[in-house]
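Undergrad: model this:
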Amino acid sequence: MRISVQIIFLGLLAVYLAWCGLLFLWQRKIVFPGIQVPAPSSVADDFPGMERIWLNTSCGRVEAWFLPPLSQEAGPAPAVIFAHGNAELIDFWPEQMEGLRRPGVGVLLVEYPGYGRSEGMPSQQTVTEAFVAAYDTLAARKDVDASRIVLFGRSLGGGAVCALAGKRPAAALILLSTFTSLRALSWKFLVPGLLVRDPFDNLAVVRTFAGPVLVAHGTRDGLIPYEHGVALSRAAQRGRLLTYDCGHNSCPPDWEAFWGEVEGFLREAGILQRG
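TA: Take a look at the predicted model:
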């Protein structure tokens, strides 16, 4: 018996709608897989001078680590708020951040709700709330110059810091391997962007951000295409793009060279004193 084209179409439509419904319900497990990553217990003890901070939010306590500058200029110092990728923890980053701390920048590593030892569950709303609390805590410190707070995000972290930039002033933005918005990536899962619950519309924030924006992206990024970095840099009023021949998790290919670029960017923006 021949099956009509209409029955085949309706069957495929039902399968597609079921797929869309499943992704709508489970998308936060895809966007925030780090909730499954076990937190190491001893990393904080390996960095003398590091300060553990607990941020109070509506979803519970969220952890942050403050790493002071390794060289100190006279008076309060500039500081960076750093947001990591979606399958990482703040525990993975203190050693790498020495490249920022050497020229005199303090670094605040902020965890996502539900990650590591932090309470709650991650979403755009709870992540934004946690980062606003982190910003307010950092800006109130006497050893930090609140007018020289820089927001730095890698991958999903670009969404976190752009959401923060929409709520609080920042001296500059640094976006490493990040996206224009998660809705722009929904095609990877064959679903319409309107089903994305946490859109993180970075492009909209960058367009209205008045400060300098440094974007770094790899041309072989298979997770977030290079075109996203190009679009972000072009949308910025004062944008600059660093292009690397690398993939998503190998970007930048040379961290020391990258930190040199970041230091030059911060000095040019007047956030670091010129040497």
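Undergrad: Please enumerate the helices of the protein.
TA: Along the chain, counting by DSSP state H, helices occupy 5-31, 98-101, 124-139, 156-165, 202-208, 226-235, 255-268.
Undergrad: among those, which is nearest residue 87?
TA: The closest approach between residue 87 and any of the helices of the chain, judged by CB to CB, belongs to helix 156-165 at 8.7 Å. Yep, even glycine has a C-beta here, placed from its N, CA and C like the rest.
Undergrad: Contacts for that closest one next, please.
TA: Residues external to helix 156-165 that are found in contact with it (CB atoms under 8 Å, 6 or more residues apart in numbering): 31-32, 81-86, 110, 112, 124, 127-128, 131-132, 135, 151-153, 170, 173, 175-179, 182, 198, 200-202, 205-206, 209.
Undergrad: Ok, stretch 87-97 next?
TA: When contacts are defined by CB under 8 Å, 6+ apart, stretch 87-97 is touched by residues 33-34, 37, 39-40, 43-44, 46-47, 50, 63-65, 67, 82, 84, 107, 109-111, 115-116, 255.
Undergrad: again, only this time at 7 Å
TA: Residues external to stretch 87-97 that are found in contact with it (CB atoms under 7 Å, 6 or more residues apart in numbering): 33-34, 37, 39-40, 43, 47, 50, 63, 65, 67, 82, 84, 107, 109, 111, 115-116, 255.
Undergrad: Looks like residue 120 contacts residue 59 (just checking).
TA: Yes. Assessed by CB atoms under 7 Å, residue 120 is found in contact with residue 59 at 2.9 Å.
Undergrad: tell me, what's touching the two both at once?
TA: Residues touching both residue 120 and residue 59 (CB under 7 Å, 6+ apart) are 113, 126.
Undergrad: quick revisit: please work out which of the helices of the chain is packed deepest.
TA: Each of the helices of the chain was assessed for mean neighbour count using mean count of other CB atoms under 10 Å. The highest is helix 156-165, with a mean of 27.
Undergrad: Work out the gap between it and the centre of the chain.
TA: On the basis of CA atoms, centre = their mean, to the nearest Å, helix 156-165 sits 5 Å off its chain's mean C-alpha point.
Undergrad: Kindly calculate the angle that it makes with helix 124-139.
TA: Regarding helix 156-165 and helix 124-139, their directions subtend 70 degrees when assessed with axes from the mean of the first three to the mean of the last three CA atoms, to 10 degrees.
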